[in-house]
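Asker: below are the sequence and a predicted model for it; my questions follow.
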Amino acid sequence: DGGITQSPKYLFRKEGQNVTLSCEQNLNHDAMYWYRQDPGQGLRLIYYSQIVNDFQKGDIAEGYSVSREKKESFPLTVTSAQKNPTAFYLCASSIQANSNQPQHFGDGTRLSIL
Amino acid sequence: AQSVTQPDIHITVSEGASLELRCNYSYGATPYLFWYVQSPGQGLQLLLKYFSGDTLVQGIKGFEAEFKRSQSSFNLRKPSVHWSDAAEYFCAVGGGSNYKLTFGKGTLLTVNP
């Protein structure tokens, strides 16, 4: 079955540490997205990528970095500059980066601070 | 700028009762509108979408939504709620050639037996 796989499901970060969240899709979608979800806040866009080797900042990109070296992969690094990283992170994809295309979501990674 | 308001943070209904979740949007032209559902610890699943045409759209799991341009609303309805419908529901808006979907803050649905 086609879908989006996020790993790990739970992740713990120590002070000063960078951590990388994995997102892989086999839907052959061009566009991929990273969202952060906090209780009562809905989803906020961190980064998005329209195509391989291209990505753009979303609304809350500070303290995060991404890469898009392969069509199926869009990893997110939470750097030590992100002072409040505890949240639920969701990866999504769509056929194209156009808001008339429904986004398909992975099952998320929950990041906590040790 | 586009925005979405879901006025109800938490709604409780009894199993078998009808349900309506409210969504109000702000967008300067014809919007693209979506409803998603999220079970605890899971990702979001698309329930239904509206782009154009018939203002009453049918989705999965027996849900429907009605687009009312005059009220800038896209409310989600279900005639008879099942215990398995307990989840958080998100409305989202986009439009034009804009890549961006803007999500509401969600409505948590509790279903009493």
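Answerer: Received it, and whenever you're ready, just let me know what you need. No experiment lies behind these values; they were computed from the predicted model shown.

Asker: what is the burial count for the residue in chain A that chain B sits nearest to?
Answerer: Here the residue of chain A nearest chain B is A:S99; by C-beta to the nearest C-beta that distance is 2.4 Å. Where you see a C-beta, it was placed from the backbone N, CA and C, and this is true even at glycine. A:S99: 24 surrounding residues under other C-beta atoms under 10 Å in any protein chain shown.

Asker: now it: closest residue in space that isn't a chain neighbour?
Answerer: B:G94 (2.4 Å; C-beta to C-beta, 6 or more residues apart in numbering or on different chains).

Asker: what is the neighbour count of the one you found?
Answerer: Neighbour tally, B:G94, other C-beta under 10 Å: 25.

Asker: can you confirm the residue of chain A closest to chain B is in a strand?
Answerer: No: under DSSP: H, G, I helix; E, B strand; the rest coil, A:S99 sits outside any strand and is assigned coil.

Asker: quick check: phi and psi on it?
Answerer: Main-chain torsions, A:S99, degrees, to the nearest 10: phi -70, psi 0.

Asker: which residue, other than its chain neighbours, is closest to B:E20?
Answerer: Nearest to B:E20 is B:R77, by C-beta to C-beta, 6+ apart, at 5.0 Å.

Asker: and the residue of chain B that's closest to chain A?
Answerer: Closest point on chain B to chain A, by C-beta to the nearest C-beta, is B:G94, at 2.4 Å.

Asker: for that residue, list the residues it contacts.
Answerer: By C-beta atoms under 8 Å, 6 or more residues apart in numbering or on different chains, B:G94 lies in contact with A:S99, A:N100, B:Q2, B:P31, B:Y32, B:F34, B:K100, B:L101, B:T102.

Asker: for the closest residue to the second one other than its chain neighbours, grab the count of nearby residues.
Answerer: Spatially, and ignoring its direct neighbours in sequence, A:N100 is nearest to B:Y32 (5.0 Å; C-beta to C-beta, 6+ apart). Applying other C-beta under 10 Å, we find 22 residues neighbouring B:Y32.
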